[in-house]
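Participant: here is a sequence together with a model predicted from it:
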Amino acid sequence: MEVSGLQLPIEHNPSINYEHINLMQTAGCNIHKLIELRRDIHKHPEGGFQEFETQKKLKAALFSYGIEEENIKVAAKTGLVVDIQGKGEVQADNKGIKMIALRADMDALPIPENNPDLEYKTTNSWAHMCGHDGHMTTLLAAAQVIANNRDKMPSDKTVRLLLQPAEEGPGGALPMIKEDNCLQDVDEVYGFHNVPNFLEGEVRVVSGPIMAQVSVVRINVVGRGGHGSLPHLVNDVITASAFILNNLHTIKSRCIHNKENFVFTICQVDSGFTHNVFPDKSFMQGTIRSYNNEVLKKIKEKIVLIAETTAETYGCKATVDVFDMYPATINHPTETQHIQRLAKQHLGEHLLSEQDLPLTASEDFSYFLEEKPGCFYMLGLKRPTDNTNKSLHTSNYDFNDDMIAYGGYFYTRIVEDRLDVKLF
């Protein structure tokens, strides 16, 4: 299938009306160049607060759209805050909204890529296995259309682009808010995350919690080591740790009401040095992912109680440290209704869903929603004939380039609706 010179894959989703590509191209979006840019960023990924070259590439694209240098400001060292102000005649409107913000994250993950046949696979120790390369170029697709049609937008209205570093950690949203005041004068804020196992083109969104709060749990167990032939003379941290791990699993099944949605996982256990020596110490760590602060408090209390009492049974001592990271991403009801309404209107009701939400992953977009009304939604990438079980943060992931124009189109429709303008 071909739409205005853009070749679509044979396995594209037949439920999507690809006319949006024509609209985007007519409105000035160079989709081919954005795909090239996405693949270049994918090939040269950078980690959190190290996205200097990525920042340069984004600035070059924004300059090419005619966005003035004084409207492109560095934030959180490697991020950008970009204002696209209208140039049209000021008109009366009923909504009173003067500025909305759209966000994309920039950083890659410190994991290897396992896409051996990909021409643009990563060339270093980082990899865009969460699709932030696609998030950036999707936002640029909208930015190019908005910038090319600023004369249709009143001069008292502005679209702010938040190009945010370090979402994967340690977090770039909070410094952008607290140090760079990136939400000043913003009325509403919107963003999305791709999900490779949701159907291509689907928008999934729910009011209230859509992504979880995340807390890191670290447990240190101290005992007394010794020779492997004399277990009766040691305080065995490995056995103590094994029983701590086993007993922690009862928190969800026995300690918290089954209506509460949370995930607690231990993903690292480290102890010992060789085959015939009992070690003195053991370490384990994992995460709690929850949506309710009261439930989180109970989980923390149970972890401490189980770790300490179980360790004591084996003559050991356990200490527990819990570090709260990103809060839950909680969508505002009214702004969620806007996304649902616009998805039905412009994409089709069959591509709108609440299925499998909220997710147990976390996002520092949550900080933006703590400051301003807004909504964070999910955009599906999975082509109908794709039978592979790809997910975020896996080594064989890659962003679906067909969704760059699609996601940019939907961003632009959000801008039109919330600022009461017509860009197409």
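Facilitator: Received, thanks.

Participant: just the CA trace of the helix or strand containing E53, in CSV.
Facilitator: Using DSSP states H and E, the element containing E53 is helix 52-64. As requested, C-alpha coordinates have been extracted for helix 52-64 and formatted as CSV (Å, rounded to 0.1, in the frame of the first residue of the first chain):
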residue,chain,number,x,y,z
PHE,A,52,24.2,15.8,24.2
GLU,A,53,24.4,14.6,20.6
THR,A,54,20.7,13.8,20.6
GLN,A,55,20.0,17.3,21.9
LYS,A,56,22.0,18.7,18.9
LYS,A,57,20.0,16.6,16.4
LEU,A,58,16.7,17.8,17.9
LYS,A,59,17.8,21.4,17.8
ALA,A,60,18.9,21.1,14.2
ALA,A,61,15.5,19.7,13.3
LEU,A,62,13.6,22.4,15.2
PHE,A,63,15.7,25.1,13.6
SER,A,64,14.8,23.6,10.2
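
Participant: what residues does whichever helix or strand comes after that helix touch?
Facilitator: Downstream of helix 52-64, the first helix or strand assigned by DSSP H and E is strand 72-75. Contact with strand 72-75 is made by 55, 59, 62-63, 80-82, 162, 164, 175-176, 179-180, 182, as judged by CB atoms under 8 Å, 6 or more residues apart in numbering. Yep, even glycine has a C-beta here, placed from its N, CA and C like the rest.

Participant: of those, grab the buried ones for ChimeraX.
Facilitator: The following ChimeraX command selects only the buried members of those, with burial defined by 16 or more other CB atoms under 10 Å:
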select :55,59,62,80,81,82,162,164,175,176,180,182
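
Participant: which of the contacts of strand 72-75 fall in helices?
Facilitator: With helices identified by DSSP state H, the entries of the contacts of strand 72-75 that belong to them are 55, 59, 62-63, 175-176.

Participant: tell me the average confidence for the helix holding E53?
Facilitator: Per-residue confidence for helix 52-64 averages out to 98 on the pLDDT scale.

Participant: and the ones in helices among the contacts of strand 72-75 as a markdown table, adding distance to I31?
Facilitator: Formatted as a markdown table, the ones in helices among the contacts of strand 72-75 follow (distance: CB to CB, whole Å):
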| residue | distance to I31 |
| --- | --- |
| Q55 | 22 |
| K59 | 20 |
| L62 | 17 |
| F63 | 19 |
| P175 | 33 |
| M176 | 28 |
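
Participant: give me the element A318 is part of.
Facilitator: If you go by DSSP H and E, A318 is part of strand 317-324.

Participant: report the buried residues of that strand.
Facilitator: Neighbour-count burial for strand 317-324 flags 318, 320, 322 (criterion: 16+ other CB under 10 Å).

Participant: so who does the last one touch?
Facilitator: With contacts defined as CB under 8 Å, 6+ apart, the neighbours of V322 are 215-218, 288, 300, 303.

Participant: ok, now H42?
Facilitator: Per CB under 8 Å, 6+ apart, neighbours of H42: 120-122, 128, 133, 398-399.

Participant: confirm that it sits in a helix.
Facilitator: Yes - remark: H42 belongs to a helix, assigned using DSSP: H, G, I helix; E, B strand; the rest coil.

Participant: whichever of the contacts of V322 end up buried, select them in ChimeraX.
Facilitator: Applied in ChimeraX, the following selects the buried portion of these according to 16+ other CB under 10 Å:
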select :215,217,288,300,303
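
Participant: make JSON lines out of the contacts of V322 and add secondary structure and distance to A108.
Facilitator: JSON lines is the format used below for the contacts of V322 (DSSP: H, G, I helix; E, B strand; the rest coil; distance: CB to CB, whole Å):
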{"residue": "S215", "secondary structure": "strand", "distance to A108": "24"}
{"residue": "V216", "secondary structure": "strand", "distance to A108": "21"}
{"residue": "V217", "secondary structure": "strand", "distance to A108": "26"}
{"residue": "R218", "secondary structure": "strand", "distance to A108": "25"}
{"residue": "I288", "secondary structure": "strand", "distance to A108": "25"}
{"residue": "K300", "secondary structure": "helix", "distance to A108": "31"}
{"residue": "I303", "secondary structure": "helix", "distance to A108": "32"}
